[in-house]
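A.B. asks: Please work out how this folds:
(one chain, ligands or ions: 2)
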Amino acid sequence: SGKWGHAESILKVFGEECGTPIEKLRKVAEAMVVEMHAGLASEGGSKLKMLISYVDNLPSGDEKGLFYALDLGGTNFRALRVELGGKEKGVVNVDSEEVSIPPHLMTGSSHDLFDFIATSLAKFVSSEPEEFRPLPGRKRELGFTFSFPVRQTSISSGTLIKWSKGFSIEDVVGEDIVGELTKSLERVGLDMRVAALINDTVGTVAKARFGNKDVIAGVILGTGTNAAYLENVTTIPKWQGLLPKSGEMVINMEWGNFCSSDLPLTEYDQALDEASLNPGEQIFEKIISGMYLGDIVRRVLLKMAEKADFFGDIVPHKLRIPFILRTPDMSAMHHDTSSDLRVVGKKLRDILEIENTSLKMRKIVVELCDIVSVRGARLAAAGIFGILRKLGRDTVKTGEEQKSVIALDGGLFEHYMKFRTCMENTLKELLGDEAAETIGVEHSNDGSGIGAALLAASQSQYL
Ligand code: ADP
Ligand code: MG
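C.D. replies: Ligands and ions are numbered 1, 2, ... in the order given. As a prediction, this is how the structure comes out:
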């Protein structure tokens, strides 16, 4: 009928606007390179903050002892205890506890959020066996992964630039994050020293590099998205400090805030951005990462329901609720292999209370999930290609046998198989066969936890 035609044309237009032909991806990567240079040249020189991590020496593998880590940066928060065994043994043991953050704390006061974190950490510590108590006169040491943009003032201090990913707590913007945490640790009576403050991307580089010396960058595709990589210090004009012995510095790009006129943005992205807690910011993140993909699908479905009676005469009211359709549910629908797409039918019924969907409808929903995830995955690949180009590692130089490995982590990369496969294939497409042979992509688990503990160890005052 005419209505079906209209729904299909909404989908078709959306699909065209989300198009990411290879030439477009090359332009995106080129824009990324330009912004990387600008962000390294001067503070505030670019939408890419290119933050200096103060990590100029990655863990050697000799680190030994018991270290703690806190991982905050998404919907969950974790406390970890990591036992490092030195050269031969590496990471001997990891204990961890995950707590979901009550939503009201994400937009409340910093006092409440940090007290919640400190209290959870104190509980974790108090339940540990006697053998883990530090020797008399010693303090426990902690690596704090805080995955929001922070202007670091040292390896263990830094001020929050802004929030993202659904957090918004004004009173702590511009404040020292470690100072806030330390005050809360004192309030709950936990005697622990924050030895390192890091971003999850930096932890991912540290953890992955610990196991593979070819690792040059870490990328997170989870609730949000971001990347960090190893830069040659002599190419960081804004770096005013001493030149580190290693000659290198890990840079936290904060690439989620990347934006370019070459990005394929649609009316739905614009509406999502306007309704967000951080309008105008994190545009790259809002079309790539797990927090948002499901909601883009919801917005297109809503339009199809409103303008083309896609689900019948009545617009299903649940479809109007922001973020009701989560990316894991989108992924489940996208991967539905049953002939009648019964997973899609079940998700539409359970989440959106839409009954009796036809196979034709379900197929359109799958197609929509495909459009949204393919765009995100291909753009993520373009970002990685941009890093490789910046480092001159996107081509093979004769006589050189240089390998480069990108470590990836995050729930989106880990669990959304079609997204992951598309991203890896697109990166190969951008590199071409010859260069693709020299580039590896590996899943590096839990850099935000173990990486933080490793960096705390390398900063230990008892070395
Ligand atoms: P964070 O980024 O918050 O530190 P994770 O790396 O665990 O945490 O990523 C969690 C995010 O990954 C979720 O918000 C969700 O968007 C995405 N995700 C988790 N599971 C899946 C899944 N099965 N399919 C698609 N996306 C998923
Ligand atoms: Mg994480």
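A.B. asks: Tell me which residue of the stretch 301-450 of the chain lies closest to ligand 1.
C.D. replies: Residue nearest to ligand 1 within the stretch 301-450 of the chain: Gly411 (2.4 Å; C-beta to the nearest ligand atom). From N, CA and C alone the C-beta is placed, and that goes for glycine too.
A.B. asks: Same question for the stretch 251-400 of the chain.
C.D. replies: For the stretch 251-400 of the chain, C-beta to the nearest ligand atom, closest residue to ligand 1: Gly290, 2.1 Å.
A.B. asks: My guess is that residue contacts Gly166. True?
C.D. replies: No. Using C-beta atoms under 8 Å, Gly290 is not in contact with Gly166; the gap is 11.5 Å.
A.B. asks: is the strand or helix carrying Ala457 anywhere near ligand 1?
C.D. replies: When elements are assigned from DSSP states H and E, Ala457 belongs to helix 452-458. No. Legend: contact between helix 452-458 and ligand 1 by C-beta under 6 Å from any ligand atom is lacking; minimum distance shown is 12.4 Å.
A.B. asks: And for that helix, what's in contact with it?
C.D. replies: Contact partners of helix 452-458, identified using C-beta atoms under 8 Å, 6 or more residues apart in numbering, comprise 55, 57-60, 63-65, 67-71, 80, 82, 84, 141-145, 155, 195-196, 198, 202-203, 206-207, 210.
A.B. asks: one more time with 7 Å, if that's ok
C.D. replies: With C-beta atoms under 7 Å, 6 or more residues apart in numbering as the test, helix 452-458 has contacts from 55, 57, 59, 63, 65, 67-69, 71, 80, 82, 84, 141-145, 195-196, 198, 203, 206-207, 210.
A.B. asks: now swap in stretch 407-427 and tell me
C.D. replies: Contact with stretch 407-427 is made by 204-205, 208, 215, 218-222, 289-290, 327-328, 331, 334-335, 373-374, 376-378, 380-381, 384-385, 441-445, 447, as judged by C-beta under 7 Å, 6+ apart.
A.B. asks: now that stretch: how far from the chain's centre is it?
C.D. replies: Per C-alpha atoms, centre = their mean, to the nearest Å, the displacement of stretch 407-427 from the mean C-alpha position of its chain is 12 Å.
A.B. asks: What's the end-to-end length of it?
C.D. replies: Stretch 407-427 has its terminal residues 14 Å apart, counting by C-alpha to C-alpha, to the nearest Å.
A.B. asks: of Gly290 and Gly166, who's got more company?
C.D. replies: Taking neighbours as other C-beta atoms under 10 Å, Gly290 and Gly166 compare with Gly290 leading, 28 against 18.
A.B. asks: Please look at the more buried one and Thr225 and confirm they touch.
C.D. replies: No. Between Gly290 and Thr225 there is no contact under C-beta atoms under 7 Å: 8.4 Å.
A.B. asks: Now do the buried residues in the helix or strand encompassing His6.
C.D. replies: Assigned by DSSP H and E, His6 belongs to helix 2-17. For helix 2-17, burial by neighbour count (16 or more other C-beta atoms under 10 Å) applies to 7-8, 10-11, 14-15.
A.B. asks: then stretch 174-186 to CSV, C-alphas only?
C.D. replies: Provided in CSV are the C-alpha atoms of stretch 174-186 (Å, rounded to 0.1, in the frame of the first residue of the first chain):
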residue,chain,number,x,y,z
GLY,A,174,37.3,22.1,36.6
GLU,A,175,38.1,20.3,39.9
ASP,A,176,40.9,17.8,40.6
ILE,A,177,39.3,14.3,40.3
VAL,A,178,41.9,12.7,42.5
GLY,A,179,41.4,15.4,45.2
GLU,A,180,37.7,14.6,45.2
LEU,A,181,38.3,10.8,45.4
THR,A,182,40.9,11.3,48.1
LYS,A,183,38.5,13.3,50.2
SER,A,184,35.8,10.6,49.9
LEU,A,185,38.3,7.9,50.8
GLU,A,186,39.2,9.9,54.0
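A.B. asks: List the contacts of that stretch.
C.D. replies: Stretch 174-186 is contacted by residues 110, 114-115, 117-118, 144, 146, 150, 156-160, 172, 192, 194, 197 when judged by C-beta under 7 Å, 6+ apart.
A.B. asks: In helices, which of these fall?
C.D. replies: 110, 114-115, 117-118 (DSSP state H).
A.B. asks: gap between the helix or strand bottoming out on mean pLDDT in the chain and the chain center?
C.D. replies: When each helix and strand of the chain is scored by mean pLDDT, DSSP states H and E, helix 86-89 comes last, with a mean of 87. Once both centres are worked out by C-alpha atoms, centre = their mean, helix 86-89 turns out to sit 30 Å from its chain's centre.
A.B. asks: Repeat that for stretch 113-120.
C.D. replies: Taking the mean of its C-alpha atoms, stretch 113-120 sits 22 Å from the chain's own mean (C-alpha atoms, centre = their mean).
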